[in-house]
Every structure is written in C-alpha cells, then in structure tokens.
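Novice: Got a predicted structure plus its sequence, pasted below:
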2 protein chains.
Amino acid sequence: MKFIAEIDVMPKKEILDPQGKAVTGSMKSLGLGTISQVRIGKHITLELEAANEAEAREQVDLACSKLLANLIMESYEFEVKAV
Amino acid sequence: MKFIAEIDVMPKKEILDPQGKAVTGSMKSLGLGTISQVRIGKHITLELEAANEAEAREQVDLACSKLLANLIMESYEFEVKAV
C-alpha cells in the first residue's frame, strides 16, 4: 500500500528561535503588529510503501528520529494517510 | 480574541526541490528505501489578536503573501484556531 506522510519539525519551546524572532519584528513594519510568537520549523511531505498503517508510521518515525529532526533542538509530529 | 495560526509553506509542485531530493537519497542509506518524493518546506506557527476568525484569517493571509511565502516558487495553506 502507498501512504503519504505529513511531518512538522519545530524548534523546541525552550529553544530560542532567532528566525521566528526576526519575522515577528518584520510583521510590525508590515502593519501586522497584532502578530506575535512566530516560530519557524520545517514541513516535510513524503510518499512511502508499507504493508499497513502501523508499519508506515514506524518507518516515518524512524526517518524523523534518524534524519529529519535533530532531537536535541527539535520535536516532530506527523500524520500518515493511505492513498 | 486571541488566535493561533498554523501555516505550511511548500515549494510548488512544478519547482525542483533539491533539499528534498537529497533527503530522498539519504533515506536509502538508512534502510528506508521505500520512502520517495520527499519535499521540504516551512511550518510556521504564530499568535495574533483579532476581533473574529474572518479578520484573523485575513491578517494571516496578508502575512503569508507579503512576508512568509515567495509566491513565485512557493504556495501556502493555513489553519486558524481561537484560543
């Protein structure tokens, strides 16, 4: 079966996010001063082949923890859908 | 009212994503050869103040089109939730 995974990798709450801070500042110059707490991470989509959803989730979890996320600084969550 | 927005900014389908291609290649060395079509974009979360959900969506849309996404190469979608 073919699955599609949607993964979000975000800097952990207790880690400073300088990119997000810079963007928060820029919002003001755009007249969007009501926007705050911008945090920027990665959104990753991928396709995979697996026998069932449990196996697909296991593979995506492995991909996240081994390659896509740096677990010291980032956390991840994902959804897997059959297509 | 306070709202939280979750935004995904992704490279458009017809645009080559070299970072995603490199990661697809690395999956093989990890024993995850069943994974393909990796595409990598940005996931952005932010907080904002607005009178109602329609106004909040309008502000987030403006932030995306003016600052967060490069509409020539990227497309975006977002969800807004009251908190």
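Specialist: Ah, there it is.
Novice: Any residues of chain A in contact with chain B? List them.
Specialist: Among all residues of chain A, those adjacent to chain B (criterion: CB under 8 Å from any CB of the partner chain) are A:8-10, A:20, A:23-24, A:26-27, A:30, A:32, A:34-50, A:59, A:62-63, A:66-68. For every residue, glycine as well, the C-beta is placed using N, CA and C.
Novice: Mind checking which of those residues land in helices?
Specialist: For these, the ones inside helices are A:20, A:23-24, A:26-27, A:59, A:62-63, with DSSP state H as the criterion.
Novice: can you give me the strands for chain A?
Specialist: According to DSSP state E, chain A carries its strands in the segments A:2-11, A:35-49, A:74-82.
Novice: Mean neighbour count for those strands - can I get that in TSV?
Specialist: As requested, those are exported to TSV (neighbours: other CB atoms under 10 Å in any protein chain shown):
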stretch	mean neighbour count
strand A:2-11	19
strand A:35-49	20
strand A:74-82	15
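Novice: can I get those strands in CSV with mean pLDDT and distance to residue B:14?
Specialist: As requested, these are exported to CSV (pLDDT from 0 to 100; distance: least, CB to CB, whole Å):
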stretch, mean pLDDT, distance to residue B:14
strand A:2-11, 98, 19
strand A:35-49, 97, 15
strand A:74-82, 97, 23
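Novice: Nearest to residue B:81, out of those strands?
Specialist: Distances from residue B:81 to each of these were compared using CB to CB; the shortest belongs to strand A:35-49, at 13.8 Å.
Novice: Parallel or antiparallel, list what pairs with that closest one.
Specialist: The partner list of strand A:35-49 in its sheet, established with DSSP bridges, is strand A:2-11 (antiparallel), strand B:35-49 (antiparallel).
Novice: Need the ones you listed in a markdown table (columns: distance to residue B:1).
Specialist: Formatted as a markdown table, those follow (distance: least, CB to CB, whole Å):
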| stretch | distance to residue B:1 |
| --- | --- |
| strand A:2-11 | 24 |
| strand B:35-49 | 7 |
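Novice: Could you say which one of the ones you listed comes nearest to residue A:82?
Specialist: Among those, strand A:2-11 sits nearest to residue A:82 (CB to CB), with 5.5 Å.
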